[in-house]
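In: Okay, here's the prediction I keep looking at, along with the sequence it came from:
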Amino acid sequence: MHHPNKFHRFVSFANTLPHWLGPRLMGMVFRHKVKLAGTTGIQILSTDCRQATFRQKNVRRAQNHIGSVHAAASALLAESCTGFIVGINLPEDKLPLIKRMDLHYVKRASGHMTAKASLTEQQMRLMQEQEKGECSVKVIITDATGIEPVICEMVWAWVPKKPRE
């Protein structure tokens with residue numbers, strides 16, 4: 001049985017708002033919580049709580065020396081998109097932790113980059129049922145021309161939250 005956390009409930013509410021407002025509101029909250037994502041200007045384009053689409057515009061603060069999105073900014077995009085989808089699917093008493101990031105830069109990127117991350121029904125069920133666990137979260141990053149310049153595997157773990165003292 002799925003027990004939505006506060007963030008999941010917020011995302012569900014934001015999805016009831018007009019399309020021009022909901023993703024913008026989610027992005028503001030996300031960038032407030034994840035400061036580095038705020039620095040690079042990562043945007044949430046859409047989510048249905050099973051999959052999410054994020055974008056990193058090719059803006060100066062996120063560029064490398066050749067004018068494209070920096071490798072670290074593309075890694076942040078993949079980590080943010082997958083972490084978001086894991087975070088909204090974990091119960092309130094569990095903490096998401098990135099365990100491994102494998103990124104293979106295979107082509108030169110052009111323009112902005114878009115990440116699409118998704119979870120399977122089985123992964124979402126495991127997050128609800130297991131006290132601790134991990135899963136590889138599928139994410140595909142494409143650039144403005146539609147090519148996939150970075151092949152990513154993001155492994156997320158979850159552990160029980162420690163009670164605050």
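Out: Happy to help now that I have it. Numbering: from 1, shown residues only.
In: Pop out the phi and psi values for the nearest residue to residue 32 once chain neighbours are set aside.
Out: Nearest-residue entry for residue 32: residue 38, 6.8 Å, with adjacent residues in sequence omitted and distances by Cβ to Cβ, 6 or more residues apart in numbering. (Each C-beta comes from the backbone N, C-alpha and C, glycine too.) Backbone torsions for residue 38, taken as degrees, to the nearest 10, come to phi -70, psi -40.
In: quick one: residue 38 from residue 81, how far?
Out: With distances defined as Cβ to Cβ, to the nearest Å, the gap from residue 38 to residue 81 amounts to 15 Å.
In: Who has more neighbours out of those two?
Out: residue 81 (32 against 14; other Cβ atoms under 10 Å).
In: I'd like the next helix or strand past the helix or strand of the chain with the lowest mean pLDDT.
Out: Least confident helix or strand, the chain: helix 35-40 with a mean of 89, by mean pLDDT, DSSP states H and E. Beyond helix 35-40 on the C-terminal side, the first helix or strand identified by DSSP states H and E is strand 43-47.
In: Next SSE downstream of that following strand?
Out: strand 51-56.
In: That next one to strand 43-47, inter-axis angle?
Out: Comparing the axes of strand 51-56 and strand 43-47 via axes from the mean of the first three to the mean of the last three Cα atoms, to 10 degrees yields an angle of 160 degrees.
In: Go ahead and list the helix or strand containing the residue nearest the centre of the chain.
Out: The residue lying closest to the centre of the chain (Cα atoms, centre = their mean) is residue 81, at 1.3 Å. Secondary-structure assignment from DSSP H and E places residue 81 in helix 71-89.
In: again with residue 13
Out: Here residue 13 is covered by helix 6-14, with elements defined by DSSP H and E.
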